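Enquirer: mind folding the following:
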Amino acid sequence: MNDSFAQKVADPQVAHDIRTVGDFVAIYCRGKHKDAARVPLTSDAAFLGVYGDKVPECCEECAELTRYAEARRAYCPKDPKPFCSHCDTHCYRPQMKEAMREVMEYSGPRSVFHGYALDSVRHAVAGMKARREMRGSSA
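Expert: So this is what the prediction gives:
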């Protein structure tokens, strides 16, 4: 871990986004990798306390994706950060992008039952706004 990562995750929005992604991956892992051994995530963000007392538990495959997503979020050059699915810069490797798409597709609807109801509404509204803006800029 380097000081730059620690500085980036000190931003409350970055930390919130990382916690959300970690929780979404944990929801996905519990549902899709039922037979896999799941342990508390070991990552730079977890070490820095980003997850607090609720460190996500996941299998090694999902832990790898989470660590990758933490770094991608921390070093995102966009300000404000758009949804990755609406971004013109694709910083995820294709395999990781597909894996994260699957995680979001599976976990998004289920996240409402895991404390993300308000975030889900905000996400839906922001997504509609982003799609509207994309249509407006292509006209």
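Enquirer: okay, now the unreliable bits of the protein?
Expert: Scanning the chain for pLDDT under 70 picks out 1, 137-139.
Enquirer: contact partners of stretch 116-132?
Expert: Among residues not part of stretch 116-132, those counted as contacts by Cβ atoms under 8 Å, 6 or more residues apart in numbering are 20, 23, 82-83, 86, 108, 111-112. From N, CA and C alone the C-beta is placed, and that goes for glycine too.
Enquirer: what sits against the residue nearest in space to the middle of the chain?
Expert: For the chain, the residue nearest the mean C-alpha position is V21 (2.6 Å; Cα atoms, centre = their mean). Residues in contact with V21 (Cβ under 8 Å, 6+ apart) are 66, 69-70, 73.
Enquirer: which one of those residues is nearest M100?
Expert: A69 (6.3 Å; Cβ to Cβ).
Enquirer: what is the burial count for the closest residue in space to H33 that isn't next to it in sequence?
Expert: Closest residue to H33 apart from its sequence neighbours, by Cβ to Cβ, 6 or more residues apart in numbering: C59 at 4.9 Å. Neighbourhood size, C59 [other Cβ atoms under 10 Å]: 19.
Enquirer: would you check that C59 makes contact with K34?
Expert: No. With contact defined as Cβ atoms under 8 Å, C59 does not reach K34; the gap is 10.0 Å.
Enquirer: now the contacts of stretch 116-132 as JSON lines including neighbour count and secondary structure?
Expert: Compiled in JSON lines, the contacts of stretch 116-132 are given as follows (neighbours: other Cβ atoms under 10 Å; DSSP: H, G, I helix; E, B strand; the rest coil):
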{"residue": "T20", "neighbour count": "17", "secondary structure": "helix"}
{"residue": "D23", "neighbour count": "20", "secondary structure": "helix"}
{"residue": "P82", "neighbour count": "16", "secondary structure": "coil"}
{"residue": "F83", "neighbour count": "12", "secondary structure": "coil"}
{"residue": "H86", "neighbour count": "13", "secondary structure": "helix"}
{"residue": "G108", "neighbour count": "16", "secondary structure": "helix"}
{"residue": "S111", "neighbour count": "19", "secondary structure": "helix"}
{"residue": "V112", "neighbour count": "13", "secondary structure": "helix"}
